[in-house]
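J.: Build the 3D model from these lines:
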Amino acid sequence: MTNISINKLHEFRDHPYQVLDNEEMNSLIESVQQQGIMTPLIVRPLEGTTDEYEIISGHRRFRAAQKAGLAEVPAFIRPVSRDEAAIMVVDSNLHREHLLPSEKAFAYKLKAEALKHQGQRTDLTSEQLAPKLSTELIAEQEGTSKDTVKRYIRLTKLIPDILKMVDEQRIAFSVGVELSYLTEYEQQDLFEAIELEDKTPSLSQTIQMKKLSQSGKLDSDTISKIISEEKPNQREKISFQIEKLTKFFPKSYTPRDIERKIIKLIEDDYRSRQRNKNREER
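T.: Predicted coordinates for the structure are as follows:
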């Protein structure tokens, strides 16, 4: 282990996991200020330099150290290749709790590409039935199927605005996968239609758009028409802009966390009113 200057460290290029400035980060910064970095980072020498390094593990600790004003951090230096490091980056965080679909998507893609460079055969998006060793290997290690791995990798074809909606669970995973087959321009038209109509596409609507796209018949007017259609069995619902709610909750709360908290508060209020009513009726 050695101490390395903060200025000599660089985040891993194409790092697939988000490093958020939230309550957990604030707690980590406070811990670093009081005790320093307790667990050393893992880094590798950066090609083309003599004393600079790329972070393999410890991006959150690195961010906290920067914000805490540390001049240097403890680290283990591993002389590994870029592809070996990519696999280490993915594996060090892939089993983290509350991993976003986008994080898992880019992690799978990064690892599959690294395995490919190491000599593994791969086809990230093909629907052919021939085995693809990189996706199979990832699937075996993760206890899932190679088709699931390939479907996650498809999400990396989404434009950021739509991928964010998948992360926020406004668009279902299966819908996001099918939307990834639309062109970038078609996805942009779709996002604008979603914002305008305040509606998200169903799986059947998405498959319809995918077929039209593949035949070259999908344009902005058609997308708007499909999105504005009333979905079968569509029920009236109450919706909120997420920005109007987030200020009342911790920054670490996801939209799903906020929804659960609101429902619990309503349930608690209902039970309280029922208890008061029962007391009054006695």
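J.: the strands in the stretch 1-150 of the chain, which residues?
T.: In the stretch 1-150 of the chain, the segments counted as strands under DSSP state E, counting those that start in this stretch are 2-5, 9-10, 41-45, 53-57, 72-77.
J.: contact partners of the helix or strand of the chain with the lowest mean pLDDT?
T.: Lowest mean confidence among the helices and strands of the chain (mean pLDDT, DSSP states H and E): helix 242-246, at a mean of 77. Contact with helix 242-246 is made by 168, 253, 255, 258, 262, as judged by Cβ atoms under 8 Å, 6 or more residues apart in numbering. Just so you know, the C-beta spots here come from the backbone N, C-alpha and C atoms, and that holds for glycine as well.
J.: Which parts of stretch 14-21 count as buried, going by neighbours?
T.: By 16 or more other Cβ atoms under 10 Å, the buried positions in stretch 14-21 come out as 15, 16, 17.
J.: go on, stretch 209-219?
T.: Neighbour-count burial for stretch 209-219 [16+ other Cβ under 10 Å]: 209, 210, 212, 213, 218.
J.: Kindly export stretch 4-16 (C-alpha atoms) in PDB.
T.: Extracted C-alpha coordinates of stretch 4-16, given in PDB (Å, rounded to 0.1, in the frame of the first residue of the first chain):
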ATOM      1  CA  ILE A   4      -1.000   8.700  -3.700                       C
ATOM      2  CA  SER A   5      -1.700  12.400  -4.400                       C
ATOM      3  CA  ILE A   6      -5.300  13.200  -5.200                       C
ATOM      4  CA  ASN A   7      -4.100  15.100  -8.300                       C
ATOM      5  CA  LYS A   8      -2.500  11.900  -9.600                       C
ATOM      6  CA  LEU A   9      -5.700   9.900  -9.600                       C
ATOM      7  CA  HIS A  10      -8.300   9.700 -12.400                       C
ATOM      8  CA  GLU A  11     -11.700   8.100 -12.400                       C
ATOM      9  CA  PHE A  12     -12.100   5.000 -14.500                       C
ATOM     10  CA  ARG A  13     -13.100   5.900 -18.100                       C
ATOM     11  CA  ASP A  14     -16.700   4.700 -18.800                       C
ATOM     12  CA  HIS A  15     -17.200   3.900 -15.100                       C
ATOM     13  CA  PRO A  16     -20.800   2.500 -15.200                       C
END
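J.: Any stretches of the stretch 151-282 of the chain with poor pLDDT?
T.: Applying pLDDT under 70 to the stretch 151-282 of the chain flags residues 231-239, 278, 280-282.
J.: coming back round to it: spatially, which two of the buried residues of stretch 209-219 are the most separated?
T.: Within the buried residues of stretch 209-219, 210 and 218 form the most distant pair, 8.5 Å apart (Cβ to Cβ).
J.: what about the longest helix in the chain?
T.: Scanning the chain for the helix with the most residues, using DSSP state H, yields helix 255-281.
J.: Looking at the residue sitting nearest the centre point of the chain now. What's its pLDDT?
T.: By Cα atoms, centre = their mean, the chain has its centre lying nearest to residue 102, at 2.9 Å. pLDDT, residue 102: 96.
J.: So it versus residue 220, what's the distance?
T.: As for residue 102, its distance to residue 220 is 25 Å (criterion: Cβ to Cβ, to the nearest Å).
J.: Please enumerate the helices of the stretch 1-150 of the chain.
T.: Remark: helices assigned in the stretch 1-150 of the chain by DSSP state H, counting those that start in this stretch are 23-35, 59-68, 82-93, 101-117, 133-142, 146-154.
J.: Out of these, which gets the lowest mean score?
T.: Note on those: helix 133-142 shows the lowest mean pLDDT, a mean of 87.
J.: what is the orientation angle of it with helix 146-154?
T.: 110 degrees (axes from the mean of the first three to the mean of the last three Cα atoms, to 10 degrees).
J.: Out of the contacts of helix 242-246, which two sit at the greatest distance?
T.: The most distant members of these, if one measures by Cβ to Cβ, are 168 and 262, lying 15.4 Å apart.
J.: quick revisit: CSV for the strands of the stretch 1-150 of the chain, including distance to residue 24 and mean neighbour count?
T.: Listed next are the strands of the stretch 1-150 of the chain as CSV, based on distance: least, Cβ to Cβ, whole Å; neighbours: other Cβ atoms under 10 Å:
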stretch, distance to residue 24, mean neighbour count
strand 2-5, 24, 14
strand 9-10, 21, 18
strand 41-45, 18, 21
strand 53-57, 17, 21
strand 72-77, 19, 18
